[in-house]
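> got a sequence here, can you model it:
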Amino acid sequence: ILGSDLHILRTSDYSVVFSDTDRVDHGRFSADSKAFYCAATSGYAYKVDLSDDSFPVTRWPSIYGGVQWIIPSIDESKWFLYLGYGPSTFAVYDVMEDSLLFSQALCPGKGQLAMRPDGRYLFYTNPGDMLTPPGPSSFTIFDIDANEILREVSTLGFIDSLTPGFFPVGSMAVTPDGRWLVALDPPNGAHQLLLFDIQNMQLVDYLSEEAYFGNLSVQNGK
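Down below sits the predicted model:
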């Protein structure tokens, strides 16, 4: 549970396993669930080691820009970061070397990250928000093994008879089997969904609802 404080609960009885007073957001467990990562609203990366009964905490003050999102690689040797509160940057950080392996400036930014559960691909968006001009009508797929952009997927005019011609992508979620990416338009829209087939690398479906969505999430298990 994230917000003005951090609380991690045991799901068997919902007792509090760990708590802290750091104000954090956008949390994620490591692949083996032995660590929890999140972004502190003051701009640093936050990690708590759940495998140690003393629950040691690491706070990493980024010299590259304020941390908005963090996703660790499967082996936790790399961190995938969304940086910056003004102009934004997508970055791949090598933990042992304390250096960036890749970075790309994003304008207007304000996007999110999502990773396929097997750690093969990382997805990021560049939608802007209500205070900025809209970003491009697309999202980006990053090849983690090759450490390079695989492709930028255009959402412009998908299913012309139904979909608005311009569709910047905001929130995303990848299904546990790694097959599907569900994408939501930005907060100033947030009532339209796209479905992307990761296996075949193509947009396949679209849904528009009267209700407005705040974010997307999926279950962890298959």
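> pairing partners for the lowest-mean-pLDDT helix or strand in the chain, with directions?
Least confident helix or strand, the chain: strand 202-208 with a mean of 87, by mean pLDDT, DSSP states H and E. Strand pairing for strand 202-208, determined by DSSP bridges: strand 192-197 (antiparallel).
> contacts for the strand it pairs with?
Outside strand 192-197, the residues that touch it by C-beta atoms under 8 Å, 6 or more residues apart in numbering are 153, 155, 158, 163-164, 167, 169, 179-185, 202-209, 213. Placement of C-beta: from N, CA and C, glycine included.
> list the contacts for the residue nearest in space to the middle of the chain?
With distances taken as C-alpha atoms, centre = their mean, residue 113 lies nearest the centre of the chain, 2.2 Å away. The contact partners of residue 113, by C-beta under 8 Å, 6+ apart, come to 69, 71, 80, 82, 90, 122, 123, 124, 172.
> out of the residues you listed, which sit inside strands?
69, 71, 80, 82, 90, 122, 123, 124, 172 (DSSP state E).
> filter these down to the buried ones.
Buried residues within the ones in strands among the contacts of residue 113, counting neighbours by 16 or more other C-beta atoms under 10 Å: 69, 71, 80, 82, 90, 122, 123, 124, 172.
> looking at these, which is nearest residue 54?
For those, the closest approach to residue 54 (C-beta to C-beta) belongs to residue 71, at 25.0 Å.
> hang on, the earlier thing: pull out the buried members of the contacts of strand 192-197.
By neighbour count, with 16+ other C-beta under 10 Å, those hold 153, 155, 158, 163-164, 167, 169, 180-185, 203, 206, 213 as buried.
> could you measure the residue nearest to the centre of the chain against residue 1, distance?
20 Å (C-beta to C-beta, to the nearest Å).
> could you give the separation of the least confident helix or strand of the chain from the chain centroid?
20 Å (C-alpha atoms, centre = their mean, to the nearest Å).
> begin at 246 from here
Noted, 246 is the first residue going forward, which turns the last one into strand 447-453.
> now the end-to-end length of stretch 255-267.
Terminal residues of stretch 255-267 lie 20 Å apart, using C-alpha to C-alpha, to the nearest Å.
> oh sorry, the question was meant for stretch 359-376
With C-alpha to C-alpha, one end of stretch 359-376 sits 23 Å from the other.
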